[in-house]
Structure formats: structure tokens, C-alpha cells
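1. Predicted model follows, preceded by the sequence.
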Amino acid sequence: MATQPLQNVQCLCNFIEHFIQTPRLQQEERKDQWQKQISSIFAFSMIWALGAAFDQPSHRYLDTIFRDFFGKLQIPARDSVFQYFYNEKDSKFKHWKELVGDFETRIEAPYDQLFVPTIDSVSYSKILQYLMDLGKKTFFTGATGVGKSIIVQEFIKQNQEAQNYAPIMLNFSAHTSATSVQRSIESKLVKKRGKKVIGAAGSRQCLLFIDDINMPLVEEYGA
């Protein structure tokens, strides 16, 4: 139980770390504007680090708490605070729906490969982008069938070339063992530095995606 608050604080710091690298924030000279931006960044980071792990029915109670705590920031009140993101380009809170693009697909595309952008998929993808840009390990959790795997797969598809990723996709099952996982990962890597080190081919960066990580049985040593 003691680890959860620590994880929340770590997540909060991760989000803040993303925003403080923004050139606009670093170049701001007016003290009042700089303070407002820092407060807004902290508010967004706290909302998602502490509140996003709760289920949907809990969000309306958390919305009241966060709005009371961050009242001076004037987060738009049309929807809950979870429906808004902090746009560092113009230092304003904007609705996630502004990032939802048009649905485009090929007629010949298989049904299971269709990806329809929604407010949830856009917000989770953006949060994932924040953490991936910092090289942070990310854990997606939620009920079965809500689209976690599709969101991550689409993220990898869209960023694989631009970010120079070498993705390794693993699907865990009840029969997955530590040895099989090790072999699966090593089979997709190449020997480097005099064959004493293995890694992604060329200058690519390995990106490991494990789906259904909760499926394997726990072995006697807890792995």
C-alpha cells in the first residue's frame, strides 16, 4: 500500500518534467505569466497523476475537488477537468476534442485494424507521447475491451519511423515463462560491440510492448 503514493508522486514529476522543457516556458520573462504557467502545468500534472487511475464514476467527485483546489486557473467548466489538456503553445486549457482528427480508412483494411479516434484515444495517446519522449516506462491499465492494446499499437505505428523505434511486441498468456520471454526478446536483437552486447539493429531504439502482462502465472520466486 505504501508504494502507491510514491508512484503517484513519480508520475506527477514525470508530467512536470515534460512541460518544463518547453522553450516557451523557459523564455517567459514576465513573472506573473511564468507563475501562471507553472501553476497550470502543476494542475494538469496532478489531475492526471492522481486522478486518472480512478474509474469514470469517480471523476465527477474528483472534478469538484480539483476545481476547488485550482479555482484561480479557470479551467473551462463545460466538462470535467479530465476533458481538458494544457496547451503550452498558448498557455491555455483546451478540450481534448480539438485534437480528435477525422476518421480515415481504406476500404480494404481488415475490421480489426480500424482505428476510430475518440477523446479517450487521443488523450491517452498524448499522455503516452509525453512519457515516451522522456524515455519513461509506461503501464496501461483498465477493463478488458476498452482499447488499451489498440491505442498503444496505433501509437507505435504512427511514431515508429519518426522516433526511430525498433518495436518488439510480446503477447503474454497463462503459459508464458520467464525463459520464453527472454528468448523472444533476444531473438529480435543483434550482437553489437564485439558480440558482447546485444541491441536493436543500427541506431534504432528498442521499444518493448507487452500485451496482457497479467496473464502468466506467478512462479515460485515471484516473477
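-> Sure thing, it's come through.

2. Please make it C-alpha for all contacts and neighbour counts, starting now.
-> OK.

3. Now for Ala200: which residues touch it?
-> Ala166, Lys188, Leu189, Val190, Cys206 (CA atoms under 8 Å, 6 or more residues apart in numbering).

4. among those, who's most crowded?
-> Taking other CA atoms under 10 Å as the neighbour criterion, Ala166 ranks highest of the contacts of Ala200 with 21 neighbours.

5. Secondary structure element for the nearest residue to that one once chain neighbours are set aside, which one?
-> Distances taken as CA to CA, 6 or more residues apart in numbering put Cys206 closest to Ala166, at 4.7 Å, once the chain neighbours are dropped. Element membership of Cys206 [criterion: DSSP states H and E] is strand 205-211.

6. In the sheet, which strands lie alongside that strand, parallel or antiparallel?
-> strand 165-171 (parallel) (DSSP bridges).

7. other SSEs contacting the helix or strand that the strand it pairs with is followed by?
-> Remark: after strand 165-171, the chain's next helix or strand is helix 178-186, criterion DSSP H and E. Here helix 178-186 touches strand 165-171, going by 3 or more CA pairs under 8 Å, 6 or more residues apart in numbering; DSSP states H and E.

8. which residue lies farthest from the center of this protein?
-> When each C-alpha in the chain is compared with the mean C-alpha position (CA atoms, centre = their mean), Gly194 comes out farthest, at 35.6 Å.

9. quick one: secondary structure of it?
-> Three-state assignment for Gly194 (DSSP: H, G, I helix; E, B strand; the rest coil): coil.

10. list the contacts for it?
-> Per CA under 8 Å, 6+ apart, neighbours of Gly194: none.

11. Pull out the buried residues from the lengthiest helix in the chain.
-> Using DSSP state H, we find that the single longest helix of the chain is helix 3-20. For helix 3-20, the neighbour count (16 or more other CA atoms under 10 Å) marks Asn8, Cys11, Leu12, Asn14, Phe15, Ile16, Glu17, His18, Phe19 as buried.

12. quick one: which of those residues is nearest to Asp32?
-> Set against Asp32, the nearest of the buried residues of helix 3-20 by CA to CA is Phe19 (17.6 Å).

13. The closest residue to that closest one other than its chain neighbours: what's it in contact with?
-> Here the nearest residue to Phe19 in space, its sequence neighbours aside, is Ile41; by CA to CA, 6+ apart that works out to 6.8 Å. With contact taken as CA under 8 Å, 6+ apart, Ile41 is in contact with Ile16, Phe19, Tyr86.
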